[in-house]
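**Student:** below is the structure, and that's it, no one-letter string:
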């Protein structure tokens, strides 16, 4: 058992976690994009202005990756923050100069039929900018385990 | 108009695209994890063996980011490969030594009611290892635009 960490018995529907902040700049956006999402509107300010983003915008997967880091740092699940299946949407672009935070709520806990020591926990995480506007909504179904016998 | 690129008129349900390959190694897995998903089973072989992954495993967001790069390189959409909302699931872990490829199919094209030059195109992308086993299933709804008037 890991002291100070969360097991299934510690979770409840309506429970909330907050993480961050992460300050995003153009260099980070371009570096992630160059390696994983090399599209012009993620790499260059002028190309961003000419695109549907109307300015340089981070790859959605960069926003997700930064959110994951904030989740790992803010939800101390003993067996890890591991998504089995997930949904991600981006209501507005993530841009240079934003300071991101993540706000998570446990929305469902469904005990496994086949594994009595496990449940599938559904979380909904909003990634918000410094003005509280939502840039990403992330829903995850995660296997979470009970505290092991002493 | 961008010559050689795809617009809405060029897409059809059942259309397929293939991308890759990307060869993954432990250094890449640990580097991504250190920045975006610093959990022990993504950072260290021994911790991986002690986890539900039973060995070092890539962050799911690393698999997704690598998939995004292969999608960008294999689907030449004129206005960009931009997800509005997405689903991602990982049927099995992504590990060092795997060679990844992505196989995409257009599964739905839904014209916008409000914007006559646009449709929401749904794609389903399987990321497979060198043995053809599926490590990730990614579904995206993307806005795609018609060819602009000359």
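**Tutor:** Happy to help now that I have it. Computed from a prediction, not measured in an experiment: that's the story for all the values here. Numbers count the residues shown, from 1 in each chain, chains lettered A, B, ... in the order given.

**Student:** next to chain B in this structure, residues from chain A, please.
**Tutor:** Chain A has residues A:32, A:35-41, A:51-52, A:59-61, A:64-66, A:68-69, A:72, A:79-90, A:143 near chain B, with proximity defined as CB under 8 Å from any CB of the partner chain. Any C-beta I mention is one placed from the backbone N, CA and C, and that applies to glycine too.

**Student:** again, 7 Å this time
**Tutor:** Residues of chain A found near chain B (CB under 7 Å from any CB of the partner chain) are A:36-39, A:41, A:51-52, A:60-61, A:64-66, A:68-69, A:72, A:79-81, A:83-89.

**Student:** which of these are buried?
**Tutor:** Applying 16 or more other CB atoms under 10 Å in any protein chain shown to the residues of chain A next to chain B, the neighbour count classes A:36-39, A:41, A:51, A:60-61, A:64-66, A:68-69, A:72, A:79-81, A:83, A:85-89 as buried.

**Student:** among those residues, which are in strands?
**Tutor:** Members of these lying in strands (criterion: DSSP state E): A:85, A:86, A:87, A:88, A:89.

**Student:** now the residues you listed in CSV, with pLDDT?
**Tutor:** Formatted as CSV, those follow (pLDDT from 0 to 100):
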residue, pLDDT
A:85, 95
A:86, 98
A:87, 98
A:88, 98
A:89, 98
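
**Student:** what ranges do the strands span in chain A?
**Tutor:** A:16-23, A:85-89, A:99-111, A:118-128, A:134-145.

**Student:** nearest spatial neighbour of residue A:30, skipping sequence neighbours?
**Tutor:** residue A:43 (5.5 Å; CB to CB, 6 or more residues apart in numbering or on different chains).

**Student:** could you measure from the one you found over to chain B?
**Tutor:** Using CB to the nearest CB, to the nearest Å, residue A:43 is found at 11 Å from chain B.

**Student:** so where's chain A uncertain?
**Tutor:** Chain A contains no residues with pLDDT under 70.

**Student:** for stretch A:81-99, which outside residues touch it?
**Tutor:** A:21, A:23-26, A:29, A:53, A:55-58, A:60, A:63-64, A:71-72, A:75, A:129-130, A:133-143, B:39, B:60, B:84-89 (CB atoms under 7 Å, 6 or more residues apart in numbering or on different chains).

**Student:** narrow those to just the buried residues.
**Tutor:** Buried by 16+ other CB under 10 Å: A:24, A:29, A:53, A:56-58, A:60, A:63-64, A:71-72, A:75, A:129, A:135-136, A:138-143, B:39, B:60, B:85-89, out of the contacts of stretch A:81-99.

**Student:** remind me, longest helix of chain A?
**Tutor:** helix A:60-74 (DSSP state H).

**Student:** which other helices and strands does that one contact?
**Tutor:** strand A:16-23, helix A:26-36, strand A:99-111, strand A:118-128, strand A:134-145, helix B:26-36, helix B:60-74 (3 or more CB pairs under 7 Å, 6 or more residues apart in numbering or on different chains; DSSP states H and E).

**Student:** what comes up buried for the fourth one?
**Tutor:** Judged by neighbour count using 16+ other CB under 10 Å, the buried positions of strand A:118-128 are A:118, A:119, A:120, A:121, A:122, A:123, A:125, A:126, A:127, A:128.

**Student:** tilt between it and strand A:134-145?
**Tutor:** Inter-element angle recorded for strand A:118-128 and strand A:134-145: 160 degrees (by axes from the mean of the first three to the mean of the last three CA atoms, to 10 degrees).

**Student:** now the last one
**Tutor:** Following the same axes, to 10 degrees, one obtains 130 degrees for the angle between helix B:60-74 and strand A:134-145.

**Student:** which residues does helix B:60-74 contact?
**Tutor:** By CB under 7 Å, 6+ apart, helix B:60-74 touches A:36-39, A:61, A:64-65, A:68, A:83, B:17-20, B:22, B:29, B:32, B:36-37, B:81, B:88, B:90, B:94, B:100, B:102, B:104, B:125, B:127, B:135-136, B:138.
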